[in-house]
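1. Fold the following for me, if possible:
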Amino acid sequence: MFNQFIVVKNFKVDQFDVEVSWAYENESVRDLHDETEEDFVEMERRLEAGIDTHYMVVARVSYDDNLMGLSSLGSCYALDCSAEEDINNGIGGYLADMVEEAVDEARGEAVAMIDRLKADFLS
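-> Residues are numbered from 1 along each chain as shown. Coordinates of the predicted model:
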């Protein structure tokens, strides 16, 4: 099933454009969390009541409207808040790591693209 992602943040890192978006998680919290550590009945009650949010997040990094890097994280659980609030608060430190990973991938792709362009057009 395709999820409709909702954009929360847009910003620049060096010459790259970064977009952070989220969508509701398709899978049940029961399927994605350790049963020995979680109270699923309470989690499901809170999700149904709209108190908490179970979601996935994606950081997309582009240059000149071309996707160059991507990082995603599933089964995020926003306790007592919306996905937007959790993302704006950094997802417990995970967001910075995701953006760094996606930007690193974008930099590597940019270097590889330069090498391909040189080989294709300057040889």
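2. In this structure, which residue is most central in space?
-> Residue closest to the average C-alpha location in the chain (CA atoms, centre = their mean): Val58, at 2.1 Å.
3. Assumed that residue was part of a strand.
-> Yes. Under DSSP: H, G, I helix; E, B strand; the rest coil, Val58 sits within a strand.
4. what pLDDT does the closest residue to it other than its chain neighbours get?
-> Nearest non-adjacent residue to Val58, counting by CB to CB, 6 or more residues apart in numbering: Ser72, 4.6 Å away. Where C-beta positions appear, they are placed from N, C-alpha and C, glycine not excepted. Reading off the confidence values, Ser72 has pLDDT 97.
5. what's the burial count for Ser72?
-> Using other CB atoms under 10 Å, Ser72 has 13 other residues around it.
6. Ok, Leu95 next?
-> For Leu95, the count of nearby residues is 22 (other CB under 10 Å).
7. Quick check: it is in a strand.
-> No. With three-state DSSP as the criterion, Leu95 is helix rather than part of a strand.
8. For it, list the residues it contacts.
-> Going by CB atoms under 8 Å, 6 or more residues apart in numbering, Leu95 touches 20, 57, 59, 87.
9. With Thr53 instead?
-> Thr53 touches 24, 47, 77-78, 81-83, 86, counting by CB under 8 Å, 6+ apart.
10. What is the nearest of the residues you listed to Asp14?
-> Checking these against Asp14 by CB to CB gives Asp86 as the nearest, at 25.8 Å.
11. Which is the succeeding secondary structure element to the lowest-mean-pLDDT helix or strand in the chain?
-> Least confident element among the helices and strands of the chain, by mean pLDDT, DSSP states H and E: helix 29-32 (a mean of 72). Counting by DSSP states H and E, the next helix or strand C-terminal to helix 29-32 is helix 40-48.
12. which residues touch stretch 102-120?
-> By CB under 8 Å, 6+ apart, the residues outside stretch 102-120 that reach it are 13-14, 16, 18, 59-63, 68-71.
13. The same query, at a cut-off of 6 Å, please.
-> Here stretch 102-120 makes contact (CB atoms under 6 Å, 6 or more residues apart in numbering) with 13, 16, 59, 61, 68-71.
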